[in-house]
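1. Predicted model, plus sequence, below.
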Amino acid sequence: MENFDLETKTEKFDSVVDENSNPSQGDITQGGTRPGFRRFKTFRPSPVRAGEEYEVKIESMSRRGDSGVAKIQGLVVFVTGTKVGDEVKVKITRVGLGYATGEVVNKTDSESEQTVSTE
């Protein structure tokens, strides 16, 4: 059986890591990655909560074309029954990882600037 020396094994590992590290990626402790390792997004709390209402402007349509897409502090919000350019008050119905869904509470008609209630 081989005699195990922890210090020697640690030094060998450190030298391999130093040789294989890429200076452009930075140290793993500073957000860089090592080859072969997956980089996971850091946890960021959602800027919205289910049940809250927000004023948003619809920026684009979803890929399926059934929902308008707005952003609240970078979080994508899917709103059914809207089109690009609509300014609506949205009630958040569901919050997922990286997205939220909402329903229209009030819709402002952009042509006549009149508020239309959907309740």
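-> Great, that's in hand.
2. Residue 72: what's it in contact with?
-> With contacts defined as Cβ atoms under 8 Å, 6 or more residues apart in numbering, residue 72 is in contact with 47, 48, 54, 56, 100. To be clear about C-beta, it is placed using only N, CA and C from the backbone, and glycine gets the same treatment.
3. Now restrict the residues you listed to buried residues only.
-> 48, 54, 56, 100 (16 or more other Cβ atoms under 10 Å).
4. Would you mind checking which of the residues you listed is nearest to residue 67?
-> Closest to residue 67 out of the buried ones among the contacts of residue 72 is residue 100 (11.4 Å), distances taken as Cβ to Cβ.
5. what about the longest strand in this structure?
-> Residue-count comparison of every strand in the chain, with assignments taken from DSSP state E, identifies strand 99-109 as the longest.
6. okay, it in PDB with CA atoms only?
-> Once non-C-alpha atoms are left out, strand 99-109 reads as follows in PDB (Å, rounded to 0.1, in the frame of the first residue of the first chain):
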ATOM      1  CA  TYR A  99     -39.400  35.300 -15.200                       C
ATOM      2  CA  ALA A 100     -42.800  36.200 -13.900                       C
ATOM      3  CA  THR A 101     -46.300  36.100 -15.300                       C
ATOM      4  CA  GLY A 102     -49.000  38.700 -14.800                       C
ATOM      5  CA  GLU A 103     -52.500  39.700 -15.800                       C
ATOM      6  CA  VAL A 104     -53.700  43.200 -16.900                       C
ATOM      7  CA  VAL A 105     -55.500  45.200 -14.200                       C
ATOM      8  CA  ASN A 106     -55.800  48.600 -16.100                       C
ATOM      9  CA  LYS A 107     -54.900  49.300 -19.700                       C
ATOM     10  CA  THR A 108     -54.100  52.700 -21.100                       C
ATOM     11  CA  ASP A 109     -55.100  53.100 -24.700                       C
END
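7. What are the buried residues along that strand?
-> Buried positions in strand 99-109, judged by neighbour count with 16+ other Cβ under 10 Å: 100, 101, 102, 104, 106, 107.
8. So what pairs up with the residue nearest to the fifth one when sequence neighbours are not counted in the strands?
-> For residue 106, ignoring the flanking residues on the chain, the nearest one in space by Cβ to Cβ, 6 or more residues apart in numbering is residue 89 at 4.1 Å. With DSSP bridges as the criterion, the beta-bridge partners of residue 89 are residue 55, residue 106.
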